[in-house]
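>>> Quick one: sequence and predicted model below, then my questions.
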Amino acid sequence: MKAVLAVTGLLLTAAGIAARAAVPDEMPDKNTVPEPAATPAVTLSATSSAEQTAAPVIPGLEVLLRDSVHLIRGKRVGFLTNQTAVTSTGESGIDLLHASPDVNLVALYGPEHGLRGGVEGGVRVDNERDAATGLPVFSLYGQTQRPTAEMLRGVDVLLFDMQDIGARPYTFVWTMAMSMESAAARGIPFIVLDRPNPITSRVGGGLMDFEMRNVGQAITGYFPVPLRHGMTVGEIARYINAEYKLGVDLTVIPAEGWKSDRWFDETGLPWINPSPNIRSLEAALNYSGLVLLEATNLTVGRGTDAPFSYVGAPWLDTARLLERLATYSFPGVTLSAVTLTPEGEGWIPFKGERTPMLRLTVTDRDVWDPVWFSLALLTEVRKQHPKEFQISNEGFTQMLGSRWARAAFDRGDDPRTIYDRWEAQNRSWEGLVAKYRLYPAR
């Protein structure tokens with residue numbers, strides 16, 4: 001159970017912006033993982049001593065081109081991808097595959113935020129033609145969220161390569177899942193080029209009930225995983241294909257050299273913003289909890305210098321809130337009160353309005369639990385501002401993961417009891433998915 005602890009001398013920080021909701025048997029033989037080859041020498045983009053001392057990580061994209069290209073040679077390839085699919089030296093996977101004499105790339109499929117990135121969250125993306133390669137780009141975040149029969153016409157094999165950030169409401173994994181279903185329906189093999197989970201294999205938050213896929217948006221929660229799921233896209237593909245009997249002819253190309261407790265900045269891989277407001281590893285970590293606020297009329301800092309490092313609202317009494325939060329224990333973070341005016345393009349809650357916020361400064365990411373913090377924070381804000389605080393839509397229920405958790409929150413139950421039940425569920429779930437994991441810890 002999360003212990004109650006009076007925190008003295010707690011530094012409190014904030015700046016936020018209102019939010020919206022989005023939101024096992026043995027593995028079958030068809031879920032194959034090629035044997036890894038020896039790790040070649042690579043040029044690391046060293047940014048820290050941790051990177052320089054750790055073994056380099058080779059993403060599945062490079063492993064495919066180095067020693068598994070026979071899986072796609074002579075086949076017409078469709079590529080589900082975006083700007084995050086790069087090599088360890090930052091080369092675009094789209095451009096590499098298009099230029100390779102061993103690869104016949106015939107179609108591209110883009111997720112939320114677009115094929116080459118930069119589109120704001122929730123904004124519809126249209127079909128287009130890729131300027132760099134001349135290939136057709138079919139949007140999976142427009143009129144449809146899964147490849148149609150017409151989109152897959154003339155495709156012999158589908159590749160998937162995108163950098164997920166480790167939280168259930170982030171849409172890339174569910175774009176993959178829906179595409180797997182489309183591939184299975186048409187007998188098209190599906191190959192996942194795996195990448196590290198940037199916030200490690202740690203698990204936390206509500207395990208989503210299967211029926212929650214019909215609450216909110218399916219693309220923000222399509223299969224049962226915890227809010228912070230702790231898996232790579234390849235591991236999730238293996239899990240859902242086997243447990244939910246998707247029937248996909250699935251191959252996962254693991255990321256070579258990654259250990260499941262290594263953070264992204266310990267891999268030597270270049271950081272590419274997966275979406276406009278996830279601009280750092282810390283933002284990705286905080287997102288796994290603060291995303292709950294996106295279904296309320298609180299802000300998470302959109303339109304500030306560091307989205308997902310702030311929480312706030314024009315009506316929020318930050319001094320009083322800090323007093324209440326000091327009765328909880330939140331190791332690994334300091335909080336401070338600030339006032340900011342969100343500005344910028346796209347969806348900016350409280351744009352142009354001076355907004356009291358709390359700034360979150362992570363001091364020890366190995367113990368910092370943004371899911372627990374967010375649940376406790378929302379509980380206290382609801383008590384403190386019962387008239388002002390609002391939940392926007394049912395995306396909040398989906399993100400909590402269950403009707404029972406939503407009912408407990410609405411009743412004002414102690415957040416520790418909700419979190420303790422989540423942890424018990426997650427322990428059972430981790431036992432279930434252990435067989436699908438590909439990466440040991442250090």
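All right, it came through fine. Numbering: from 1, shown residues only.

>>> In three-state terms, how would Leu159 be classified?
Following DSSP: H, G, I helix; E, B strand; the rest coil, the label given to Leu159 is strand.

>>> just checking, it touches Ile188?
No: using C-beta atoms under 8 Å, Leu159 is not in contact with Ile188; the gap is 10.9 Å. Bear in mind the C-beta positions are built from the backbone N, C-alpha and C, glycine included.

>>> neighbour-wise, which of those two wins?
Leu159 (27 against 20; other C-beta atoms under 10 Å).

>>> tell me the contacts of that one?
Leu64, Ile72, Val77, Gly78, Phe79, Leu80, Thr81, Leu97, Ile191, Val192, Leu193 (C-beta atoms under 8 Å, 6 or more residues apart in numbering).

>>> Over to Met357?
Here Met357 is in contact with 14-16, 299, 301, 304, 310-312, 316, 318, 337-340 (C-beta under 8 Å, 6+ apart).

>>> Could you report the separation of Pro198 from Ser392?
27 Å (C-beta to C-beta, to the nearest Å).

>>> got it, and Val125?
With C-beta to C-beta as the criterion, Val125 and Ser392 are 23 Å apart.

>>> Now do the buried residues in stretch 127-140.
Within stretch 127-140, the residues scored as buried using 16 or more other C-beta atoms under 10 Å are Asp130, Thr133, Leu135, Val137, Phe138, Ser139, Leu140.

>>> contacts for it?
Stretch 127-140 has contacts (C-beta under 8 Å, 6+ apart) with 80, 92, 94-95, 98, 105-111, 115-116, 124-126, 142, 146-147, 151, 175, 178-179.

>>> helix, strand or coil for Met357?
Under three-state DSSP, Met357 comes out as strand.

>>> Repeat that for the one 10 residues further on.
Classification of Val367 into helix, strand or coil gives coil, according to three-state DSSP.

>>> Look up how far Asp126 lies from it.
From Val367 to Asp126 the distance is 44 Å (C-beta to C-beta).

>>> likewise Gly332?
From Gly332 across to Asp126, the span is 42 Å (C-beta to C-beta).

>>> Could you check which of these two has the larger neighbour count?
Gly332 (15 against 12).

>>> Phi first, then psi, for the more buried one.
phi 90, psi 10 (degrees, to the nearest 10).

>>> Repeat that for Asp305.
According to degrees, to the nearest 10, Asp305 has phi -70, psi -20.

>>> tally of neighbours for it?
Neighbourhood size, Asp305 [other C-beta under 10 Å]: 10.

>>> quick one, what contacts the spatially most central residue of the chain?
What sits nearest the mean C-alpha location of the chain, by C-alpha atoms, centre = their mean, is Ile165, with 3.2 Å. Contact analysis of Ile165 by C-beta under 8 Å, 6+ apart lists Pro198, Ile199, Pro274, Ile278, Ala284, Tyr287, Ser288.

>>> Just the C-alphas of the longest helix along the chain, formatted as PDB.
Counting by DSSP state H, the longest helix found in the chain is helix 415-433. What follows is helix 415-433, C-alpha atoms only, in PDB (Å, rounded to 0.1, in the frame of the first residue of the first chain):
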ATOM      1  CA  PRO A 415      -6.700   6.600  -4.000                       C
ATOM      2  CA  ARG A 416      -4.400   4.100  -2.100                       C
ATOM      3  CA  THR A 417      -7.200   1.400  -2.200                       C
ATOM      4  CA  ILE A 418      -7.600   1.900  -6.000                       C
ATOM      5  CA  TYR A 419      -3.900   1.800  -6.600                       C
ATOM      6  CA  ASP A 420      -3.400  -1.300  -4.400                       C
ATOM      7  CA  ARG A 421      -6.000  -3.200  -6.400                       C
ATOM      8  CA  TRP A 422      -4.300  -2.100  -9.600                       C
ATOM      9  CA  GLU A 423      -1.000  -3.400  -8.400                       C
ATOM     10  CA  ALA A 424      -2.600  -6.800  -7.500                       C
ATOM     11  CA  GLN A 425      -4.100  -7.100 -10.900                       C
ATOM     12  CA  ASN A 426      -0.800  -6.100 -12.600                       C
ATOM     13  CA  ARG A 427       1.100  -8.800 -10.700                       C
ATOM     14  CA  SER A 428      -1.200 -11.400 -12.200                       C
ATOM     15  CA  TRP A 429      -1.000  -9.800 -15.600                       C
ATOM     16  CA  GLU A 430       2.800  -9.800 -15.600                       C
ATOM     17  CA  GLY A 431       2.700 -13.500 -14.900                       C
ATOM     18  CA  LEU A 432       0.500 -13.900 -17.900                       C
ATOM     19  CA  VAL A 433       2.700 -11.900 -20.300                       C
END
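
>>> Flag every buried residue along that helix.
Pro415, Arg416, Ile418, Tyr419, Arg421, Trp422, Glu423, Gln425, Asn426, Trp429, Glu430, Val433.

>>> how much space between the fourth one and Asp102?
Shown here: Tyr419 relative to Asp102, a distance of 50 Å by C-beta to C-beta.

>>> And for the last one?
Distance, Val433 to Asp102, using C-beta to C-beta: 34 Å.

>>> what residue ranges in the stretch 151-300 of the chain score low on pLDDT?
Regions of the stretch 151-300 of the chain meeting the criterion pLDDT under 70 are absent.

>>> can you do 90?
Across the stretch 151-300 of the chain, residues meeting the criterion (pLDDT under 90) sit at 216.

>>> Show me where it has its helices.
Taking DSSP state H, counting those that start in this stretch as the criterion, the stretch 151-300 of the chain carries its helices at 172-185, 233-243, 281-290.

>>> which residues are contacting the shortest one?
By C-beta under 8 Å, 6+ apart, the surrounding residues in contact with helix 281-290 are 165-167, 170, 198-199, 204-205, 227-228, 263-265, 271, 274, 277-278, 300, 306-309, 311, 360, 362, 365, 368-375.

>>> what does the first one give?
Applying C-beta under 8 Å, 6+ apart, the contact partners of helix 172-185 are 80, 82, 109, 111-112, 140-141, 145-148, 152, 158, 160, 162-164, 188-190, 192, 218-223, 233, 236-237, 240-241, 246-250, 274.

>>> now those: which count as buried?
Buried, going by 16+ other C-beta under 10 Å: 80, 82, 109, 111-112, 140-141, 145-147, 152, 158, 160, 162-164, 188-190, 192, 218-223, 233, 236-237, 240-241, 246, 248-250, 274, out of these.

>>> From those, which land in strands?
Leu80, Tyr109, Leu158, Phe160, Phe190, Val192, Leu250 (DSSP state E).

>>> pretty sure Gly205 is touching Glu423, no?
No: contact criterion C-beta under 8 Å: Gly205 and Glu423 do not qualify, at 9.4 Å.

>>> Alright, that wraps it up for me.
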